[in-house]
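Participant: Next come a sequence and a model predicted from it.
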Amino acid sequence: MTSDARSGGEAATSGSTRLAVVLAMAMFVLVVDTSLMNVSISAVVHDLHTTVSGVQSAIALEALVSAAFILISSKIGDLIGRKRAFVLGLIGYAIGALAMTLAQSLTIIIVFWAIIGGLGASLLLPAMQSLIHGNFEGAAQKRAYALVGASAAIAAAIGPLLGGFVTTYLSWRVGFMLELVVIAIVLTQLGLIRDVLYTGPRKLDPVGALLSVLGMGGVVLGILVWQEGGEYVGLIIAAGALALYALARWLVRRHREGKITVLDPDLFRLAHFRIGITQQMLQQITLGGAMIALPIFLQIRLEYSALQAGLSLAPLSLTMFAFAMLAGRGAGDRRPAGIVRAGFALSTAGMLLLIPIIPRADSGWYLVVPLMIAGAGLGLLVSQLNNYTLAPIEEERVSEAAGVNSAGGSFGLSFGLAMAGGILLATLSLAFTNKTESSTVIRPAQQEQIAETLEHDAQVVSNTQLEQTLTHERPAVRQEVLQINRDSTNLALQVALLVPILTSGLGLLNSFRMLRLPEIEPSGDLEGAVLG
């Protein structure tokens, strides 16, 4: 090999690495944004003289807009160009971050952060996956997916730590200001990105687009309403599911007639694509369930600050990042399905180890080993699943495939957060009531009062917070209630962890199906990938 050839290869490798880092920075901003908002709720309420429910509604609206419009936004990215959609998505996020930096009312946050930022996210996610698919090949593509996936994972864990730090020592607005800086850096590197042209039909399917918005929006809205303890949850989810069923029938009928569809139903004939999306969703449910139960354990049961809780979760996030990078770089001839099986096995084992530790732990150090095991497993998963799912898709269909992939991941994360949170509160209420009623120390009148309070407002509170409300009670009653709260909280957290354990276990079982499928190489030949 000549020196010119070597230098050219090194330049190409360097450029690919820089581009992967740029895309990973964009993904980091996308994920860390909501984490910053979650830990800033109390500060936002105080500064803007608003309510907790108002801020939570803004957070829910952002998730709803992003999920509802992600399929149609992937089609828009086809029509206007994937690179342009990526840029517009970043600008939408920048507008939201700027609004958070300068906002003086909740209305500004709802309009600019929740709605415009949510639309930006729906454009950004599928466009980013399409650009990775079109700008990298072979091993470089696997490394790029691994880096972007690891960036998302570490952002989910670092967000509370960063938000807790800036909120405590500076201002909640500083975190969003830093987002603007990162977005500005990404925008200066757009010259590295080669646009991925779309050569398919350039028409829209308005009915399919509307049904996709109603379907995804209805299901996610139902989950969010359930998480917040609202009413008509079943009706909302049923309406969303009905819209998704109508969308499926509409797509099949239109496709048979040879007409334009918002999404090609033939994508789901690909066994690798179907199972890849399923595994992606299960991995995100696992992560979402863990990221609602573990911070509650650290901040309520151990009474850690947001900063301390973030530090205690560092073994999970850092191990996840390290293993994602190692697996992306050094997978070699190992089958992706085998790596996915190892990932789900490790994440299941790590979560299972937490169950007996929770009642005995009096510091975050007890969690280090299980979190490192679970983090290693999740890191292996994020290094493989995006590439595995999208590898068989030809270029003109990759954007809509990426949209479905992103929608599955977003739904999984929302479902994991809502399901684990809802189960935690339900278990806490039931356990506290049963233990109180069986107590020989607490009087019947007090038992009725406690039961009535929990029936309307079940909350996870620390023993310190609870003790402040029991100052007028007899010492024996006070100690009994505190012990009941401790035991009930431990049980509720253990039951909530069953969500990531069971979903990770399902992913492990599903990985054996992956192993039975033949290996395929990334290719534009879609027909050669139709295996199921």
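Facilitator: Thanks, I have it. Values in this document were obtained by computation on a predicted structure and should not be read as measured data.
Participant: drop to CA atoms for contacts and neighbour counts, all remaining ones
Facilitator: OK.
Participant: Gln279 against Asn386, yeah?
Facilitator: No. With contact defined as Cα atoms under 8 Å, Gln279 does not count as touching Asn386 (9.8 Å).
Participant: of those two, who's got more company?
Facilitator: Between Gln279 and Asn386, counted using other Cα atoms under 10 Å, the more crowded position is Gln279 (29 against 25).
Participant: For Leu506, see how far away the more buried one is.
Facilitator: Gln279 is 9 Å from Leu506, where distance means Cα to Cα, to the nearest Å.
Participant: Same question for Ala20.
Facilitator: Taking Cα to Cα, one finds Ala20 at 31 Å from Leu506.
Participant: Trp226 now?
Facilitator: For Trp226, the distance to Leu506 (Cα to Cα) stands at 24 Å.
Participant: When those two are compared, which one has more neighbours?
Facilitator: Counted by other Cα under 10 Å, Trp226 and Leu506 do not tie: Trp226 has more neighbours, with 20 against 16.
Participant: residues contacting the more buried one?
Facilitator: Counting by Cα atoms under 8 Å, 6 or more residues apart in numbering, Trp226 touches Val233, Ala418, Gly422.
Participant: Tell me which residues are up against stretch 372-381.
Facilitator: Stretch 372-381 has contacts (Cα under 8 Å, 6+ apart) with 150, 283, 287, 315-325, 327, 339-340, 342-351.
Participant: Using CSV, write out every CA atom in that stretch.
Facilitator: In CSV, the C-alpha atoms belonging to stretch 372-381 read as follows (Å, rounded to 0.1, in the frame of the first residue of the first chain):
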residue,chain,number,x,y,z
MET,A,372,-22.3,-2.7,36.4
ILE,A,373,-23.7,-6.1,35.3
ALA,A,374,-26.9,-4.6,34.0
GLY,A,375,-25.1,-1.7,32.4
ALA,A,376,-22.8,-4.2,30.6
GLY,A,377,-25.9,-5.9,29.2
LEU,A,378,-27.6,-2.8,28.1
GLY,A,379,-24.4,-1.6,26.5
LEU,A,380,-24.2,-4.7,24.4
LEU,A,381,-27.8,-4.2,23.3
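Participant: now it: how far from the chain's centre is it?
Facilitator: 15 Å (Cα atoms, centre = their mean, to the nearest Å).
Participant: how about Phe114, what does it touch?
Facilitator: Slight slip there: residue 114 is Ala, not Phe. Contacts for Ala114 (Cα under 8 Å, 6+ apart) come out as Ala58, Ile59, Leu61, Glu62, Ala63, Val65, Gly96.
Participant: Mind checking which of those residues are in helices?
Facilitator: Using DSSP state H, the subset of the contacts of Ala114 located in helices is Ala58, Ile59, Leu61, Glu62, Ala63, Val65, Gly96.
Participant: which one is the last one nearest to, not counting chain neighbours?
Facilitator: The one in question is Gly96. Spatial nearest neighbour of Gly96, chain neighbours left out: Trp113 (3.8 Å); criterion: Cα to Cα, 6 or more residues apart in numbering.
Participant: so what's that neighbour up against?
Facilitator: Here Trp113 is in contact with Glu62, Tyr93, Ile95, Gly96, Ala97, Ala99, Met100 (Cα under 8 Å, 6+ apart).
Participant: Tell me how many other residues crowd Ala209.
Facilitator: Residues near Ala209, counting by other Cα under 10 Å, number 21.
Participant: Pretty sure it sits against Ile72.
Facilitator: Yes. Counting by Cα under 8 Å, Ile72 is a contact partner of Ala209 at 5.6 Å.
Participant: and for these two, which residues touch both?
Facilitator: Joint contacts of Ala209 and Ile72 (Cα under 8 Å, 6+ apart) are Val262.
Participant: Count the residues that sit near the residue nearest to Asp362 when sequence neighbours are not counted.
Facilitator: Leaving out its chain neighbours, the residue that sits closest to Asp362 by Cα to Cα, 6+ apart is Leu302, at 6.5 Å. Counted with other Cα under 10 Å, the neighbours of Leu302 add up to 17.
Participant: Check the gap between Leu302 and Pro359 for me.
Facilitator: Look at Leu302 and Pro359: by Cα to Cα, they are 11 Å apart.
Participant: circling back to that earlier point, quick one: which of the ones in helices among the contacts of Ala114 has the most company?
Facilitator: Ranked by the number of neighbours (other Cα under 10 Å), the ones in helices among the contacts of Ala114 place Gly96 first, at 28 neighbours.
Participant: can you pull the contacts of that one?
Facilitator: If a contact means Cα under 8 Å, 6+ apart, then Gly96 has Ile109, Phe112, Trp113, Ala114, Ile116, Gly117 as its contacts.
Participant: Show me what the helix or strand harbouring Ala426 is packed up against.
Facilitator: Per DSSP states H and E: Ala426 is located in helix 398-437. Under the contact definition 3 or more Cα pairs under 8 Å, 6 or more residues apart in numbering; DSSP states H and E, helix 398-437 sits against helix 52-80, helix 117-135, helix 206-227, helix 271-296, helix 368-390, helix 444-456, helix 475-496, helix 498-516.
Participant: and it, which residues are buried?
Facilitator: Within helix 398-437, the residues that count as buried by 16 or more other Cα atoms under 10 Å are 398-433, 435-437.
Participant: Run the chain-centre distance for it.
Facilitator: How far helix 398-437 lies from its chain's middle: 11 Å, per Cα atoms, centre = their mean.
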